[in-house]
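Peer 1: Sharing a model prediction with you, sequence too.
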Amino acid sequence: MAIGVKVLKRPVAQTSYLRATLKGMALTLSHLLRPKVTMQYPEEKSSTDWTISPRWRGTHRMLTDEQGRAKCVACGLCPQICPANCIKLVPGEDEEGNRYPLIYEIDEFRCIFCGYCQEVCPEEAIHVGVHYENSECSRDRFVYDLERLCAQTHPVSTLWDPSDPSGE
Ligand code: SF4
Ligand code: SF4
């Protein structure tokens, strides 16, 4: 297929930019009359037009049982599947043979928020959360230990749209 090339010539005579300037100003002024779409974050975090999706994958949360213990049974699946290799798990075992995490840490700085850890967890213990306000001033603060993961209270991600579970 032939490629058409359009050659634009520079104007030879003096050109006035007044019309283009007025057009630009008219466009700017027309925006003043349109409904406001900006939100005054952080005072405003959602509106009738916009809320964060329940599928959002943000800061992790470890769910706990009635006694406040982490639901994790240290099976090792989530560190195994994590593509960013950002989950550190040291398993322990009590006198009855129940496994639990001695150390469980997630480096939120390295995490790519794929949600695999949530998908693979047989106990539905670890979840990505509907939360994004996790900025820190130093890298080490991004490493969330078990206590900090359990202390998170934000909603957990559904990972999929409940109104469209097949994702089509
Ligand atoms: S969301 Fe993905 S990258 Fe982040 S900790 Fe879970 S498995 Fe790893
Ligand atoms: S997959 Fe679930 S139960 Fe297994 S180590 Fe990870 S958080 Fe714990």
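Peer 2: On my side now, so go ahead. Ligands and ions are numbered 1, 2, ... in the order given.

Peer 1: pLDDT below threshold where in the chain?
Peer 2: In the predicted model of the chain, residues 1, 162, 165-168 satisfy pLDDT under 70.

Peer 1: report the longest strand in it, please.
Peer 2: strand 99-107 (DSSP state E).

Peer 1: buried set for it?
Peer 2: 100-101, 104-107 (16 or more other C-beta atoms under 10 Å). All C-beta spots, glycine's among them, are computed from the backbone N, C-alpha and C.

Peer 1: all strands of the chain, in order?
Peer 2: 58-62, 87-93, 99-107, 126-129, 143-144.

Peer 1: export the fourth one as CSV, just CAs?
Peer 2: Extracted as CSV, the C-alpha positions of strand 126-129 are listed here (Å, rounded to 0.1, in the frame of the first residue of the first chain):
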residue,chain,number,x,y,z
ILE,A,126,-4.0,-12.8,53.2
HIS,A,127,-5.8,-10.3,51.0
VAL,A,128,-4.9,-7.3,48.9
GLY,A,129,-6.9,-4.4,50.2
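
Peer 1: Would you mind listing the outside residues contacting that strand?
Peer 2: For strand 126-129, contacts defined as C-beta atoms under 8 Å, 6 or more residues apart in numbering pick out 56-63, 72, 78, 106, 113, 115, 117-118, 121, 149, 152, 154-157, 159.

Peer 1: Residues of the protein that sit close to ligand 2?
Peer 2: Residues of the chain lying near ligand 2 by C-beta under 6 Å from any ligand atom: 72-78, 89, 120-121, 123, 125-126.

Peer 1: For ligand 1, tell me which of the contacts of strand 126-129 show up nearby.
Peer 2: Applying C-beta under 6 Å from any ligand atom to these, one finds that 106, 113, 115, 117 fall near ligand 1.
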